[in-house]
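Asker: fold the following for me, if possible:
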Amino acid sequence: MDDLERALLDDLLASSTPSGYEAPGQRVWVDYVSDFADEVRTDDYGNAVAVGEGSGPEIAVAGHADQIGLLVREVDDDGHLHVSPVGGMDVTVTRGQQVTVHAGDGEVPGVIGQTAVHVREDDDDEERVADQLVDVGAADGEAARDLVSVGDPITIDGDVTDLQGSRVAGPGMDNRAGMWTAAEALRRSVAAGVDATVYAVSTVQEEVGLRGARIVGFDLDPDAVVAVDVTHALDYPDAPDDRASDVALGDGPVLSRGSANHPVLVDALRATATDAGIDVQLQSASTATDTDADAFYTSRSGIPSTYLGVPNRYMHTPVEVVDTADLSAAADLLAAFLAGAGSYSPFTVDI
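Answerer: Below you'll find the predicted structure:
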């Protein structure tokens, strides 16, 4: 990953984009792709589409912009914020964390407190995220309400940290990895002058129901879609045995096979990887991918779609880990596929 590519990843990770409040990250993404796209547009909900015009098949490469977070549900008279989860927040992750409330007048720092072990009688295994409180240091409810409002989004703080080799840790890799890959696949394709018309897409509200992808799929109606998202890398000692997976960091992007993944599209990506000498991994998805691919493939009369995964350890925590070599390989794979997409289309199952 060169300096330009790493700068994009860092800028995306520095933005805060809880579902429904993706504009900061979308601005970073739009600014980047505007340098090489033939057209960039956004819709009323904040989905962003960058176009590389061509005369061949129309292919979309999509990553979602939103991340999990919290929402201010109530400000009590003591000045504490009651919250609701946005997406798959984990109560064991949010305890004792520093957070940022993205209020109308600017960012407000806070913490999710936890009773000290010295005075805690026992752990409450029934605690939910919605039971937790954010302390912004306000003296009372009036002071807190001067700072924040009901409905303000909240994100968990965390630094981006370079680990050994090409591995990077931080919050929001899910799904800055997909946003990054979509932008870089387009950049590579434009530079190579591919025949396909390429749509790089950054969708909103994936974490709360794949909603942005439903909007974009209906609007674009492309010939095929590759949705890029993170996937679980369980290559560490205390990963659950019953969820064992062969997916590992650094072994390449992951092709998903199963009913929600269009078989012709998957085969095209596998053949492309072989021809280009790009290592890929395989995983099964028997009924659904739980990504934007599920929304795209059921849009309109059905859009051939599949899911390309970026291996990610510790998903939905502030210390998600990815290998930038996997990101670069994913962008290279998609650029190679887009260059040869005309030889694989139409993406139709033969009967």
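
Asker: quick one: find the helix or strand in this structure with the lowest mean pLDDT.
Answerer: Counting by mean pLDDT, DSSP states H and E, the chain has its least confident helix or strand at helix 91-94, which shows a mean of 89.

Asker: shouldn't Ala295 be within a strand?
Answerer: No - secondary structure assignment (DSSP: H, G, I helix; E, B strand; the rest coil) places Ala295 in helix, not in a strand.

Asker: picking up where we left off before, report the buried residues of the helix or strand just after the least confident helix or strand of the chain.
Answerer: Heading C-terminal from helix 91-94, the first helix or strand you meet, by DSSP states H and E, is strand 98-103. Going by neighbour count (16 or more other C-beta atoms under 10 Å), the buried part of strand 98-103 is Val99, Thr100, Val101, His102, Ala103. The C-beta positions use only the backbone N, C-alpha and C, and glycine is treated the same way.

Asker: which residues touch the least confident helix or strand of the chain?
Answerer: Helix 91-94 is contacted from outside by Leu70, Ile112, Glu127, Arg128, Val129, Asp131, Gln132, Ile156, His316, Thr317, Pro318, using C-beta atoms under 8 Å, 6 or more residues apart in numbering.

Asker: now the element after the longest helix along the chain, going C-ward?
Answerer: In the chain, with assignment by DSSP state H, the single longest helix is helix 173-192. As assigned by DSSP H and E, the chain's next helix or strand after helix 173-192 is strand 197-203.

Asker: angle of that next one against helix 173-192?
Answerer: Taking axes from the mean of the first three to the mean of the last three C-alpha atoms, to 10 degrees, strand 197-203 and helix 173-192 form an angle of 160 degrees between their directions.

Asker: just the buried positions in strand 197-203, please.
Answerer: Buried residues in strand 197-203, defined by neighbour count with 16+ other C-beta under 10 Å: Thr197, Val198, Tyr199, Ala200, Val201, Ser202, Thr203.

Asker: which residue sits closest to the last one, ignoring its sequence neighbours?
Answerer: In this case it means Thr203. Gly212 (3.5 Å; C-beta to C-beta, 6 or more residues apart in numbering).

Asker: tell me the angle of the helix or strand the one you found falls within relative to strand 197-203?
Answerer: Element membership for Gly212 (DSSP H and E) is helix 211-220. Orientation of helix 211-220 against strand 197-203 (the same axes, to 10 degrees) gives an angle of 150 degrees.

Asker: buried residues in stretch 178-197?
Answerer: By 16+ other C-beta under 10 Å, the buried positions in stretch 178-197 come out as 178-190, 194-197.

Asker: how far off centre is it?
Answerer: Computed by C-alpha atoms, centre = their mean, to the nearest Å, the separation of stretch 178-197 from the middle of its chain amounts to 18 Å.

Asker: how far does stretch 189-198 stretch from start to finish?
Answerer: 8 Å (C-alpha to C-alpha, to the nearest Å).

Asker: pLDDT (mean, whole number) over that stretch?
Answerer: Stretch 189-198 shows a mean pLDDT of 97.

Asker: and that stretch, how far out from the chain's middle?
Answerer: When distances are taken as C-alpha atoms, centre = their mean, stretch 189-198 is centred 24 Å away from the chain's centroid.

Asker: show residues contacting it.
Answerer: With C-beta under 8 Å, 6+ apart, stretch 189-198 has contacts from 36-37, 51-61, 185-186, 334-335, 338-339, 341-342.

Asker: change it to 7 Å
Answerer: With contact meaning C-beta atoms under 7 Å, 6 or more residues apart in numbering, stretch 189-198 is reached by 36, 51-59, 61, 186, 335, 338-339, 341-342.

Asker: in helices only, show me these.
Answerer: Leu186, Ala335, Leu338, Ala339, Ala341, Gly342.
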